[in-house]
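**Student:** Predicted structure and sequence below. I'll ask about it afterward.
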Amino acid sequence: GGVHHLGGVDLIVSPKMPKDKDKEKEEKERREREEKERKAREKQAAKEAKEREKQEAKEAKERDKAAAAAAKEREKEAKEREKAEKAGKVPDPAPKPLEKSNSAKDLNAFSRRSVHKKEPEKTGPASSSPQKLEAPPVALEAYQKAHLGAPSIRKEHRGSSRFRENKAPPLEKLPTLTSAKPADRHELVLKKLKQCSNVYNFEDVTADVKSKEIKRLALDELIAFLKSDASRGIGTEPVHEEMCAMFSANVFRVLSPPSVINGADFDPEEDEPVLEPSWPHLQSVYDLFCVFMEHAEFQPAIGRKYIDANFASRLLELFESEDPRERDMLKSVLHRIYGKIIPLRAHIRRAINHIFHKFVFEPPGRHNGIAELLEILGSVINGFALPLKEEHKVFLVKVLLPLHKAKGLALFHPQLCYCVVQFLEKDALLCNVVIHTLFHMWPRTHSPKEVMFLNELEEIINTVPPSELAKVHIDFFQRLARCVSSQHFQVAERSLYYFNNEVVAKAIQEFSPDVYPLLFNALSRNLRVHWNRNINALLLSALKTMMELNQTMFDQCSQRLKAEMAQSKAKQQQRDQRWKALESIALKNPASAAVPIPRVTVPALPLTRDPMDDTVFDMKALTLEQPDPRTKNARMRRKSFLPQDQDVQQALMAHTPHGLNPSANGSD
């Protein structure tokens, strides 16, 4: 304490008061007491958890014991029933409590009454049927765990399809086909196919583990059996029927709603596909069906009874699956059906047409299997007989070409381009319709799509004969000139690569009177204003190619362009003189002193070259741009060199560090 002087001001500081020792002691005791209580609570909670675990383990052991007793009782009853049947006497069932009953039907009925509580319990005279008795929950749980597997828990959907709730019975392992006698193999194949018709929930990995494994082994065994020589004699109608029934039971299902909402595009590089949880079994089912259809004893006459129009339509609906592995297998199956079952071909084509029309003209305009369907159509179109039927030409014009307007074209454009080229290889007279339809649908603001159209157009030009190209050469080179003039570097680059194509070079040389004025003006105009150096180099290369193809037409176009530029320059000078004359007249007016004339300076756009420079069009001396000498020893690459003030540049060079000053060492 005391008086302190701070900046001419007296500060009185009082001495610190000592802490109250009693309060500090009470606070310490309170904290210790709270800590002891917390530890006691934790200890009690751990003890209760341990007791709870013991109780749960004890209950689980009791349930297992009850399940084992129920299983023994069922085996005992089955043996007694077999003995009675052999002796010719069937004993009447005695009434038993439900916990010792082994009837799945009774337990399912009890489960529905106890869970849903929709049906009131029936009252009436006492009956020997165990359905009338009440079962304790322990017996129901024990039975489900022992015979029906763990209870299935419906989780949030994570697959490409919804699981169909059914009551598939547990499977029992059958003898192998290799160990069975040849006379018994046919019947054993039918039994295994019936086993494989059972569908299980793969979203719950703990449910029906044993049955799933038995089914998987049966599928693999059937595939290996059909590929071996021992599978002779299976081309019977029961096998065809059971195979199609097994395939329908496993594959045909309700697909989940799409994971991408509002018709958004699926990006294969960014988005993860939604996979099917039951794919380990589905893949084997698809493989088995494909192997069966490729088998030497597969009979299309019998197969068409079960592989009908409804079968094909349901198969096409599955192309909406988001799992790319399943769509690839569906493509293989549909291709085999199209090749084997000839009466279904027209129906399959009509169904695919309907899918494409719905995809193009109806919202939300999204389908996962367009690329796979187009791949199938590519092989179908390749097998069309000549001359093409009218329905096939209508299919090209009304179905395939409108797909260019669809959203997400990048996902299936290579397959679509292949189908269009296949049509032109079959009938080159369709070139005029195809090219004009593409020009009608040509994108105007979507540059990546425009690049795709340029790729397809080059494929078409390489396919059609020169006689058909002569009919559309004006429209083709007009479109090419527009693309060359594009400021988007990818569009300009892709269109300039056309000049390296032999077909395009021959067309330029053949139709030079019509083509040179279009291309020369577009190339020279874009050379003066384009911002990309690589595009400028490609433009110079294209002009050189045109000069080599036809020197006379090139000189004529160059002279014509020089005259147009001189005329434009003269008009600009006349316009400037008129404005200066108007300004001088305005300044002579006495009232102009009170009203200041604004002078607006419009900044000029940075051009690669002066648009009025005549030396640009001295085409005989065309060379690619040489690197600027100022970058010889620079360590930083610059795309362009902006004008700089000399004084500023000298000042910067004077203050440059020694290691980066080109004049200091003379080299890097």
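**Tutor:** On my side now, so go ahead.
**Student:** how far does stretch 564-571 sit from the chain's center?
**Tutor:** 54 Å (Cα atoms, centre = their mean, to the nearest Å).
**Student:** Pull up the distance across stretch 360-376, start to finish.
**Tutor:** For stretch 360-376, the first-to-last residue distance is 19 Å (Cα to Cα, to the nearest Å).
**Student:** what comes up buried for stretch 478-490?
**Tutor:** 478-486, 489 (16 or more other Cβ atoms under 10 Å). All C-beta atoms are positioned from the backbone trio N, CA, C, and that covers glycine.
**Student:** quick one: contacts of it?
**Tutor:** Residues from elsewhere that reach stretch 478-490 (Cβ atoms under 8 Å, 6 or more residues apart in numbering): 439, 442, 447-448, 450-451, 454, 457, 491-492, 494-496, 498, 518-519, 521-523, 525-526, 530-532, 534-535, 539, 542.
**Student:** from those, which would you call buried?
**Tutor:** By neighbour count, with 16+ other Cβ under 10 Å, those hold 442, 447, 450-451, 454, 457, 491-492, 494-496, 498, 518-519, 521-523, 525-526, 530, 532, 535, 539, 542 as buried.
**Student:** Next secondary structure after the helix or strand where Ala224 lies?
**Tutor:** Per DSSP states H and E, Ala224 falls inside helix 209-227. The helix or strand immediately downstream of helix 209-227 is helix 237-251, counting by DSSP H and E.
**Student:** pLDDT on that following helix, on average?
**Tutor:** The average pLDDT for helix 237-251 rounds to 93.
**Student:** What about Ala45, how many residues nearby?
**Tutor:** The number of residues packed near Ala45 is 10, by other Cβ atoms under 10 Å.
**Student:** Tell me if it really is in a helix.
**Tutor:** Yes - assigned with DSSP: H, G, I helix; E, B strand; the rest coil, Ala45 falls within a helix.
**Student:** ok so, going back, so which of the buried residues of stretch 478-490 would you say is closest to Cys431?
**Tutor:** For those, the closest approach to Cys431 (Cβ to Cβ) belongs to Arg479, at 14.5 Å.
**Student:** can you list contacts of stretch 169-185?
**Tutor:** Here stretch 169-185 has contacts from 104, 147-149, 188-189, 191-192, 195, 198, 208, 210-211, 214-215, 217-218, 221-222, 225, 230, using Cβ under 8 Å, 6+ apart.
**Student:** Could I have the buried ones of these as PyMOL selection syntax?
**Tutor:** Selection of buried members from these for PyMOL, criterion 16+ other Cβ under 10 Å:
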select buried, resi 147+148+149+188+189+192+195+198+208+211+214+215+217+218+221+222+225
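**Student:** residues in contact with Leu429?
**Tutor:** Glu468.
**Student:** Restrict stretch 25-40 to CA atoms and write it as PDB.
**Tutor:** Output of stretch 25-40 as PDB, limited to C-alpha atoms (Å, rounded to 0.1, in the frame of the first residue of the first chain):
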ATOM      1  CA  LYS A  25     -11.100 -24.900   3.800                       C
ATOM      2  CA  GLU A  26     -14.800 -25.300   3.300                       C
ATOM      3  CA  GLU A  27     -14.400 -25.100  -0.500                       C
ATOM      4  CA  LYS A  28     -11.700 -27.800  -0.400                       C
ATOM      5  CA  GLU A  29     -13.900 -30.100   1.600                       C
ATOM      6  CA  ARG A  30     -16.800 -29.600  -0.700                       C
ATOM      7  CA  ARG A  31     -14.700 -30.500  -3.800                       C
ATOM      8  CA  GLU A  32     -13.400 -33.600  -2.100                       C
ATOM      9  CA  ARG A  33     -16.900 -34.700  -1.100                       C
ATOM     10  CA  GLU A  34     -18.200 -34.200  -4.700                       C
ATOM     11  CA  GLU A  35     -15.300 -36.200  -6.000                       C
ATOM     12  CA  LYS A  36     -16.100 -39.100  -3.700                       C
ATOM     13  CA  GLU A  37     -19.700 -39.100  -4.700                       C
ATOM     14  CA  ARG A  38     -18.800 -39.100  -8.400                       C
ATOM     15  CA  LYS A  39     -16.500 -42.100  -8.000                       C
ATOM     16  CA  ALA A  40     -19.200 -43.900  -6.000                       C
END
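**Student:** as a whole number, average confidence for that stretch?
**Tutor:** Stretch 25-40 comes out at a mean pLDDT of 84.
**Student:** all strands for the protein, in order.
**Tutor:** Assigned by DSSP state E, the chain shows strands spanning 2-6, 9-13.
**Student:** where does the stretch 101-250 of the chain dip in pLDDT?
**Tutor:** Scanning the stretch 101-250 of the chain for pLDDT under 70 picks out 101-168.
**Student:** which residues touch stretch 232-244?
**Tutor:** 186, 189-190, 193-194, 226, 288-289, 292, 295, 297-299, 302-303, 305-307, 311.
**Student:** one more time with 10 Å
**Tutor:** For stretch 232-244, the surrounding residues in contact (Cβ atoms under 10 Å, 6 or more residues apart in numbering) are 182-183, 185-187, 189-194, 196-197, 222, 225-226, 231, 288-289, 292-293, 295-299, 301-308, 311.
**Student:** try stretch 340-352
**Tutor:** Residues from elsewhere that reach stretch 340-352, judged by Cβ under 10 Å, 6+ apart: 293-294, 298-301, 303-304, 307-313, 315-317, 319, 334, 337-339, 369-370, 373-374, 376-377, 380, 391-392, 395, 399.
**Student:** ok, back up a step: which of the buried residues of stretch 478-490 sits closest to Val595?
**Tutor:** Val595 lies nearest to Ser485 out of the buried residues of stretch 478-490, by Cβ to Cβ, at 43.4 Å.
**Student:** That closest one and Glu59: what is the separation?
**Tutor:** Note on Ser485: its distance to Glu59, by Cβ to Cβ, to the nearest Å, is 82 Å.
**Student:** rewinding a little: filter the contacts of stretch 340-352 down to just the ones in helices.
**Tutor:** When DSSP state H defines the helices, the subset of these inside them is 293, 300-301, 303-304, 309-313, 315-317, 334, 337-339, 370, 373-374, 376-377, 380, 391-392, 395.
**Student:** Buried only: go through the residues you listed for me.
**Tutor:** 293, 303-304, 311-312, 315-317, 334, 337-338, 370, 373-374, 376-377, 380, 392, 395.
**Student:** Verify the stated contact: Cys417 with Glu459.
**Tutor:** Yes - look at Cys417 against Glu459 with Cβ atoms under 10 Å: they come within range, at 5.9 Å.
**Student:** Who has more neighbours out of those two?
**Tutor:** Per other Cβ under 10 Å, whichever of Cys417 and Glu459 has more neighbours is Cys417, with 20 against 14.
**Student:** how near is the closest residue to that one other than its chain neighbours to Met547?
**Tutor:** Ranked by Cβ to Cβ, 6 or more residues apart in numbering and with sequence neighbours excluded, the top spatial neighbour of Cys417 is Glu456, at 4.5 Å. Distance from Glu456 to Met547, counting by Cβ to Cβ: 29 Å.
**Student:** now do Pro448
**Tutor:** 32 Å.
**Student:** Thr236 too?
**Tutor:** For Thr236 relative to Met547 (Cβ to Cβ), the value is 76 Å.
**Student:** Of those two, give the one with the bigger neighbour count.
**Tutor:** Met547 (18 against 15).
**Student:** which non-adjacent residue is nearest the more buried one?
**Tutor:** Using Cβ to Cβ, 6+ apart, the closest residue to Met547 is Phe554 (4.6 Å).
**Student:** Isn't the one you found up against Ala542?
**Tutor:** No - the criterion here is Cβ under 10 Å, and Phe554 misses it with Ala542 at 11.7 Å.
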